[in-house]
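S.K.: prediction below, plus the sequence it came from.
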Amino acid sequence: MAVISMTSSSSNTPDPQKVFSEKLNGRAAMLGLVIGLAVEAVTGKGIIQQVWGFNESTKGIDFSGLLSFFS
């Protein structure tokens, strides 16, 4: 009969760097949502319209330099 040990060999404590990164990401997402809702309340445009409007207004701008900087 096999005996299964209930103790794990690895620690269950999360990596502090990952915890910080996840908290920062969550806070940025919440901040973006709040800003989007605030702009919606002021302008009457929904979040999707705001994003689409940004895409429409930047059609003539060349972002190739920015893209090559990050790649």
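M.R.: Alright, I've got the coordinates.

S.K.: distance from the chain centre to the top helix by length along the chain, please.
M.R.: Counting residues, the longest helix found in the chain (DSSP state H) is helix 16-43. With CA atoms, centre = their mean, to the nearest Å as the basis, helix 16-43 stands 7 Å off its chain's centre.

S.K.: now do the buried residues in it.
M.R.: G36 (16 or more other CB atoms under 10 Å). Where you see a C-beta, it was placed from the backbone N, CA and C, and this is true even at glycine.

S.K.: who are the packing partners of the next helix or strand after it?
M.R.: Moving toward the C-terminus from helix 16-43, the next helix or strand (DSSP states H and E) is helix 47-57. Applying 3 or more CB pairs under 8 Å, 6 or more residues apart in numbering; DSSP states H and E, we find helix 47-57 packed against helix 16-43.

S.K.: which strands or helices does the longest helix of the chain pack on?
M.R.: helix 47-57.

S.K.: quick one: low-confidence residue ranges for this structure.
M.R.: Across the chain, residues meeting the criterion (pLDDT under 70) sit at 1-10, 54-55, 57-58, 61, 71.

S.K.: three-state assignment of S11?
M.R.: coil (DSSP: H, G, I helix; E, B strand; the rest coil).

S.K.: so what's G36 up against?
M.R.: Shown in contact with G36 (CB atoms under 8 Å, 6 or more residues apart in numbering): 47, 50.

S.K.: now for T13: which residues touch it?
M.R.: With contact set as CB under 8 Å, 6+ apart, T13 has no partners.
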